[in-house]
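[1] Take this sequence and fold it.
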Amino acid sequence: MLLTDVLAKVTTPTGEAFTKTVASYCLIVEARDGSKALFSWQEIDPPFTDRKFYVVLKRDRMPLSSQDGPFEVIVPGEKRNSRWVRQLVAVKIRQVE
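    Coordinates of the predicted model:
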C-alpha cells in the first residue's frame, strides 16, 4: 500500500491553509527498536513529487516475518536502503521550528 494512502486517513499539512508553511513539515517513521528515518514533506507529498513510498505488509504474498514486520516502509530508488524501516511502529508528522 502507498504511504500516501495511510496518510490520507489523518490530517496532513496540505491545501491552501499550508501553502506558506508546508516546507517546514517532515515525516518521521519509527521502528520497534527505536531507529527512525526522516523525510521532508516535499519528498512524499504528491503535489511536489511523483515518487512512491510504500508500507509493505507482505512479501511474495506471505505476511512479513517477525524480523521485518508486521509493517515495513520501502523507499524505491534510493541508492542505499538506510531509510527503509522494518518493524514499523509509528508514523509522525512534525513541524520543524
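[2] Okay, buried residues for stretch 58-72 please.
    Using 16 or more other Cβ atoms under 10 Å as the burial criterion, the residues of stretch 58-72 that qualify are 64, 69, 71-72. C-beta: built from backbone N, CA, C; applies to glycine.
[3] how about a markdown table for the residues you listed, with distance to residue 7, secondary structure and pLDDT added?
    Putting those into a markdown table (distance: Cβ to Cβ, whole Å; DSSP: H, G, I helix; E, B strand; the rest coil; pLDDT from 0 to 100) gives the following:
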| residue | distance to residue 7 | secondary structure | pLDDT |
| --- | --- | --- | --- |
| 64 | 20 | coil | 95 |
| 69 | 20 | coil | 92 |
| 71 | 14 | coil | 96 |
| 72 | 16 | strand | 96 |
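[4] out of those residues, who's nearest residue 94?
    Proximity of the buried residues of stretch 58-72 to residue 94, judged by Cβ to Cβ, is greatest for residue 71, which lies at 19.7 Å.
[5] The closest one: what's it in contact with?
    Contact partners of residue 71, counting by Cβ atoms under 8 Å, 6 or more residues apart in numbering, are 55-57, 64, 87-88.
[6] quick one: which of those residues is most hemmed in?
    Of all these, residue 88 has the most neighbours under the rule other Cβ atoms under 10 Å, reaching 22 neighbours.
[7] and which of the contacts of residue 71 is nearest residue 37?
    Top of the list for closeness to residue 37, among these and by Cβ to Cβ, is residue 88 at 9.8 Å.
[8] so that closest one sits right up against residue 64, yeah?
    No - in this structure residue 88 lies outside contact range of residue 64 using Cβ atoms under 8 Å: 9.9 Å.
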